[in-house]
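> Got a predicted structure plus its sequence, pasted below:
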Amino acid sequence: MPEYEKAMRPEDITRLFVERSNAGDADGVAALYEENATMAYPPGEQTVGREAIRALWARVLAGGPRFELEQPLPTLISGGIALTSTPPGDGAGARAQVVRRQPDGSWLRLLDQPEFIPLAR
């Protein structure tokens, strides 16, 4: 696997995700996740583990989607754990990730909720 830029702040992960996704780099996207990370996607399911997340992103990115960088909400940090989130421009509700500081000081996604769909009232 090539050497990828590391997220040295929790907020860096979103930028790196957009850059790598738009380049069609599923390996690079997967490198943003811990080895045993869990992603709540596809909707109603969970994808567990970096390799399964890489395979999922390979399928998604094969369609050539384009992602826009969204303005993050304030990051909440407690010790080596952080909660990052963005209000998506597509009106999908919200996006949230729990990230963990790694021994080298970089951050990786541990839990990823790429979309919360608002419930109809």
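Looks like it arrived, so ask away.
> what ranges of the chain fall below the confidence cut-off?
Residues of the chain that meet the criterion pLDDT under 70 lie in 1, 90-93, 116-121.
> what's the single longest helix in it?
Counting by DSSP state H, the longest helix found in the chain is helix 50-62.
> Adjacent strands (with direction) for the helix or strand following it?
Sequence-wise, the next helix or strand beyond helix 50-62 is strand 76-78, with elements assigned using DSSP states H and E. Sheet pairing of strand 76-78 (DSSP bridges) gives strand 81-86 (antiparallel).
> Show me the contact partners of the partner strand.
With contacts defined as Cβ atoms under 8 Å, 6 or more residues apart in numbering, strand 81-86 is touched by 10-11, 13-14, 70-73, 75-76, 94-101, 107, 110. All C-beta spots, glycine's among them, are computed from the backbone N, C-alpha and C.
> Same question for stretch 11-23.
Counting contacts by Cβ under 8 Å, 6+ apart, the residues outside stretch 11-23 that touch it are 4-7, 28-29, 31-32, 57, 61, 65-70, 72, 75, 84, 86, 97, 99, 107-109.
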